[in-house]
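>>> Sequence first, then the predicted structure:
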Amino acid sequence: MKIIDLTHKISTDMPVYPGMKPPIFEVGNTYEKDGFKETLICFFSHTGTHMDPPAHLFEAGKTLDDFPVSQFTGQALVIDVSGLSEGDLISMDHLNRYGNKIKDAEFILFYSGWDGKWGTPAYFGDYPCIDDEVLDWFILQAKSGKKKGIGFDTIGLDPISDTKLVRHNKLFRECDVINIENLCNLAECGDDLFLFACLPIKVKDSDGAPCRAIAYIEE
């Protein structure tokens, strides 16, 4: 079995969503003074590879700690849309190429290749986004209990220019699922179903949290 890390590293110089502050690392204890090392780390709940629950947008929405741990693991499928150009939309044609696999997958993850721009200004550009038909299809699947989450190798479900977060609002208004952003290495996952785990930090009343996303690929 091959295990693939789909998670960006958290660091003080990492990309963060416009308007957010980057992580802060402060020395708490040192080897020389205390005999051990400990660091105070401060970052926003939507830093790096992270997930959103409905509570990210809605006060009465479900928080991450309200979900059972089973919500964060299951069969996933990577949809390769790396051939799209800036500003292009992801349509159902891209999903339908995978046949019944899209129905069997509990997580739909979109590989645009945008993770290759991580750490550069281009990461904040006009990345491909799902269109209304794809969003409506996913919502219908999630409401029937067939989908646990959706994920992207970009900084958002919505275009970075959409400050109203229209897609986020529609998704979380309709169903209790998770949205995973800033994934990486999806190109290594192939075009078949695989076991996926994305475990968030367990925080009370969590509106979002960094997660460690991992793919388990049978060889």
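On my side now, so go ahead. Residues are numbered from 1 along each chain as shown.
>>> Let me see the contact set for the residue nearest the centre of the chain.
Ranked by distance to the mean C-alpha position of the chain (Cα atoms, centre = their mean), the top residue is I180 at 1.7 Å. Shown in contact with I180 (Cβ atoms under 8 Å, 6 or more residues apart in numbering): 49-52, 107, 109, 149-152, 198, 211, 213. All C-beta spots, glycine's among them, are computed from the backbone N, C-alpha and C.
>>> rerun at 7 Å
51, 149, 151, 198, 211, 213 (Cβ atoms under 7 Å, 6 or more residues apart in numbering).
>>> can I get those in a markdown table with pLDDT and neighbour count?
Below are those laid out as a markdown table (pLDDT from 0 to 100; neighbours: other Cβ atoms under 10 Å):
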| residue | pLDDT | neighbour count |
| --- | --- | --- |
| M51 | 98 | 28 |
| G149 | 98 | 25 |
| G151 | 98 | 27 |
| C198 | 98 | 27 |
| C211 | 98 | 25 |
| A213 | 98 | 29 |
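>>> Now flag whichever of these is closest to N100.
Of all those, G149 has the smallest distance to N100: 19.3 Å, by Cβ to Cβ.
>>> what residues are up against the residue lying closest to the closest one once chain neighbours are set aside?
Once flanking residues are discounted, G149 sits nearest to I178: 4.1 Å by Cβ to Cβ, 6 or more residues apart in numbering. The neighbourhood of I178, defined by Cβ under 7 Å, 6+ apart, consists of 51-53, 71, 148-149.
>>> does D65 count as helix, strand or coil?
helix (DSSP: H, G, I helix; E, B strand; the rest coil).
>>> and it, how far is that from D93?
When Cβ to Cβ, to the nearest Å is the yardstick, D65 and D93 sit 37 Å from each other.
>>> that older thread, going by distance to C184, which of the contacts of I180 wins?
Closest to C184, out of all of the contacts of I180 and judged by Cβ to Cβ, is A213, at 8.6 Å.
>>> Touching the helix or strand where that closest one lies from outside, list them.
Per DSSP states H and E: A213 is located in strand 209-217. For strand 209-217, contacts defined as Cβ under 7 Å, 6+ apart pick out 1-7, 10, 45, 47-51, 64, 180, 183, 189-190, 194-201, 203.
>>> likewise stretch 125-134?
81, 84, 86-92, 95, 112, 114, 154, 158-159.
>>> A helix includes A76, no?
No: the assignment for A76, made by three-state DSSP, is strand rather than a helix.
>>> pLDDT score for the closest residue to I139 other than its chain neighbours?
Leaving aside its sequence neighbours, I139 sits nearest to E174 (Cβ to Cβ, 6+ apart; 4.6 Å). Looking at E174, its pLDDT reads 96.
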